[in-house]
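**Q** What follows is a protein structure lacking sequence information:
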């Protein structure tokens, strides 16, 4: 990759770069498990740029070596305000291991995709080192790994419950979710001289305290780790309380006892406004990897460097997904002008040939969707706005997104804007809405590269119910519409369904039925993900407890490596499918 990158355009990553800027010390030093890419899709860059805009001197230490004499943790000295730690854009254990706990051979967030440049449980590892070296310096956690481990959680790789990462790391405060507003407030408070242990009222933060909060009737109280270890049902009760509170517009503070301490999690900030979203994407990102990586490729950046994120959050509530747990249930969207301005920046990037790789978000087609009457939303605590049916108060009109697509189509220099994010086809329903029909035709004709990927996840209603996914009949309606549009425009394109094997509630006969269904409609499945339990999801809670906390009913769980492999094997190859259909007639 060729470019004329200059390190002075980036946040400093070395003492030499700090000296070149005339800094004696940084205000904030941010440690991350990812390579440093100055792009709005990389959390460390976003937080760094936001703090920089507020006037703080921010330095970044990417992928510090935790195995040697710890010089990477010492090289920039002590910050004036605090250290910040994130594992990066992924939970380090998901990054490292497959669903069958096999070590992955690559890491997309590391130069040249090499593995081994971040530790297991990176947040905990980095934090303990910093607290050992600099015990008096405040330490703030953030990012996906910290966010999803802020309460007692089930860890699939250790196969046991862990306490809040705040307890294990020794950190002073944790910022959860998309932390732009919270981290600014934390920095302002410390800058004004407030002692870190006295900062306890900032929304979207968590901390540990010895004060007994259990008598406060305004709090949501959870069962302790010891109680959850003794009785798995209590862990399920905790999850339900956490999820319901997280789905409210006006949430309460949550308290969780741990030995003689309490983990306190403050309610989140309100959903971000369009103006706030625009301001964050308008920061002076170079959109490039730091010059220290010159001559090396960072696979995750290569994949998204020409992509545009138009919104965040998801109201789908899928039981296996962490998006709403981290980004929130309520969708926050950018303005058209902000998106168009970013596209102009992408057009100036080296090697750009006129093709945007993605114009989307966590779900491709939730742009600007929200409740019609917010007062109704304020009374709601349901995890999904579209399961088991679409809420009558939800605006599912795709007009805003259709208008955006057409604007982008007309930008000089843009040959095609692909939509690579997953499309929630259950938002179309039966295609009874004219604008939604127009949107889907625009998508199929102008925004895919011969293959439209969607995620029915399964064919069997018994399994789909545990997934919080719609009936497979909607996929069949989608396929009919897709095929019709292709015939109309003389296109030869494929519909590619994604599926999950070994999800709680899925037995071998469900996979047998899935294989039959795919053969009946003429699709040879090629996209499959073996279910991986990740912290803070309903599916992971069911995996650990064997019980759905909302229904109190037992749920079958495929846990053995052998059965997980067998379930996944139904997907691949016509011969494999035929053999298994013959050989497993008596399966569960």
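**A** Great, that's in hand. Computed from a prediction, not measured in an experiment: that's the story for all the values here. Numbers count the residues shown, from 1 in each chain.
**Q** and the residue nearest to residue 377 when sequence neighbours are not counted, how many neighbours does it have?
**A** Spatial nearest neighbour of residue 377, excluding adjacent residues (C-beta to C-beta, 6 or more residues apart in numbering): residue 371 at 4.0 Å. Glycine gets a C-beta too; all of them are placed from N, C-alpha and C. When neighbours are counted by other C-beta atoms under 10 Å, residue 371 registers 18.
**Q** Model confidence at residue 371, what's the number?
**A** Looking at residue 371, its pLDDT is 96.
**Q** quick one: it from residue 536, how far?
**A** Plainly put, residue 371 is 24 Å away from residue 536 if you go by C-beta to C-beta, to the nearest Å.
**Q** For residue 264, what are phi and psi?
**A** phi -110, psi 130 (degrees, to the nearest 10).
**Q** residue ranges with poor pLDDT in the stretch 1-150 of the chain?
**A** Counting by pLDDT under 70, the stretch 1-150 of the chain contains low-confidence residues at 1-5.
**Q** Try it again at 50.
**A** 1-4 (pLDDT under 50).
**Q** Strands along that one, start to end?
**A** 28-32, 37-38, 58-62, 82-86, 139-141 (DSSP state E, counting those that start in this stretch).
**Q** Next, format these as CSV and append distance to residue 351.
**A** CSV is the format used below for the strands of the stretch 1-150 of the chain (distance: least, C-beta to C-beta, whole Å):
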stretch, distance to residue 351
strand 28-32, 25
strand 37-38, 15
strand 58-62, 23
strand 82-86, 29
strand 139-141, 36
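**Q** Can you pull out the low-pLDDT segments for the stretch 451-588 of the chain?
**A** Segments of the stretch 451-588 of the chain classed as low confidence (criterion: pLDDT under 50) are 573-575, 577-588.
**Q** Make CSV from the strands of the stretch 1-150 of the chain and add mean neighbour count to it.
**A** Below are the strands of the stretch 1-150 of the chain laid out as CSV (neighbours: other C-beta atoms under 10 Å):
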stretch, mean neighbour count
strand 28-32, 28
strand 37-38, 26
strand 58-62, 24
strand 82-86, 27
strand 139-141, 27
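**Q** Out of those, flag the one nearest residue 510.
**A** For residue 510, the closest of these is strand 82-86, at 37.8 Å, according to C-beta to C-beta.
**Q** The closest one pairs with which strands, and in what direction?
**A** strand 28-32 (parallel), strand 139-141 (parallel) (DSSP bridges).
**Q** Can you tell me, leaving aside adjacent residues, what's nearest to residue 543?
**A** residue 533 (4.5 Å).
**Q** returning to what we had before: out of the strands of the stretch 1-150 of the chain, which is closest to residue 153?
**A** Short answer: strand 139-141, nearest of the strands of the stretch 1-150 of the chain by C-beta to C-beta, at 14.1 Å.
**Q** Now do the closest one: everything it contacts.
**A** Outside strand 139-141, the residues that touch it by C-beta atoms under 8 Å, 6 or more residues apart in numbering are 82-86, 123, 127, 130-131, 165-166, 169-175, 183, 186.
**Q** measure the residue nearest to residue 543 to residue 323 for me?
**A** Residue 533 is 16 Å from residue 323, by C-beta to C-beta.
**Q** Stretch 514-525: end-to-end distance?
**A** 10 Å (C-alpha to C-alpha, to the nearest Å).
**Q** List the buried residues in that stretch.
**A** The neighbour-count check on stretch 514-525 (16 or more other C-beta atoms under 10 Å) flags 514, 515, 517, 518, 525 as buried.
**Q** Compute the distance between the closest residue to residue 8 other than its chain neighbours and residue 324, please.
**A** Nearest non-adjacent residue to residue 8, counting by C-beta to C-beta, 6+ apart: residue 20, 6.6 Å away. Here the distance between residue 20 and residue 324 works out to 42 Å (C-beta to C-beta).
**Q** Compare these two and say which is more crowded by neighbours.
**A** The residue with more neighbours, out of residue 20 and residue 324, is residue 324; 23 against 12, by other C-beta under 10 Å.
**Q** ok, the residue nearest the centre of the chain - contacts?
**A** Of all residues in the chain, the one closest to the mean position by C-alpha atoms, centre = their mean is residue 323, 4.4 Å from it. Contacts for residue 323 (C-beta under 8 Å, 6+ apart) come out as 313, 314, 316, 362.
**Q** Checking the second one next. Helix, strand or coil?
**A** Residue 314 carries the three-state label coil when classified by DSSP: H, G, I helix; E, B strand; the rest coil.
**Q** my guess is residue 451 contacts residue 492, does it?
**A** No: look at residue 451 against residue 492 with C-beta atoms under 8 Å: they stay out of range, at 10.8 Å.
**Q** of these two, who's got more company?
**A** residue 451 (9 against 6).
**Q** For that one, give me its contacts.
**A** By C-beta under 8 Å, 6+ apart, the neighbours of residue 451 are 493, 494, 495, 496.
**Q** Filter those down to the buried ones.
**A** Neighbour counting with 16+ other C-beta under 10 Å marks 493, 495, 496 as buried within those.
**Q** can I get those in JSON lines with distance to residue 109 and secondary structure?
**A** Converted to JSON lines, these look like this (distance: C-beta to C-beta, whole Å; DSSP: H, G, I helix; E, B strand; the rest coil):
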{"residue": "493", "distance to residue 109": "32", "secondary structure": "coil"}
{"residue": "495", "distance to residue 109": "31", "secondary structure": "strand"}
{"residue": "496", "distance to residue 109": "25", "secondary structure": "strand"}
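**Q** which of those residues lies closest to residue 208?
**A** Lowest distance from residue 208 to these (C-beta to C-beta) belongs to residue 496, with 45.9 Å.
**Q** who touches the closest one in this structure?
**A** Taking C-beta under 8 Å, 6+ apart, one finds 451, 452, 453, 454, 526, 527 in contact with residue 496.
**Q** Next one: it from residue 461, what distance?
**A** For residue 496 relative to residue 461 (C-beta to C-beta), the value is 22 Å.
**Q** what do you get for residue 192?
**A** Residue 192 is 56 Å from residue 461, by C-beta to C-beta.
**Q** Quick check: bridge partners of residue 175?
**A** Applying DSSP bridges, one finds that residue 175 bridges with residue 205.
**Q** I figured it was touching residue 182, is that so?
**A** Yes: counting by C-beta under 8 Å, residue 175 touches residue 182, with 4.5 Å between them.
**Q** more crowded one of these two?
**A** Between residue 175 and residue 182, counted using other C-beta under 10 Å, the more crowded position is residue 175 (26 against 23).
**Q** Check what pLDDT that one gets.
**A** So residue 175 comes in at 98 (pLDDT).
**Q** list the contacts for it?
**A** Counted by C-beta under 8 Å, 6+ apart, residue 175 has contacts 140, 141, 142, 146, 147, 182, 183, 186, 204, 205.
**Q** try 6 Å this time
**A** 142, 182, 183, 205 (C-beta atoms under 6 Å, 6 or more residues apart in numbering).
**Q** cool, residue 199 as well?
**A** Contact analysis of residue 199 by C-beta under 6 Å, 6+ apart lists residue 189.
**Q** Repeat that for the one 5 residues further on.
**A** When contacts are counted by C-beta under 6 Å, 6+ apart, residue 204 touches 176, 177, 182, 268, 269.
**Q** What's the local residue count around residue 214?
**A** 10.
**Q** what does residue 564 give?
**A** 18.
**Q** Also residue 335?
**A** 15.
**Q** if I look at it, how far off is residue 359?
**A** Counting by C-beta to C-beta, the gap from residue 335 to residue 359 is 15 Å.
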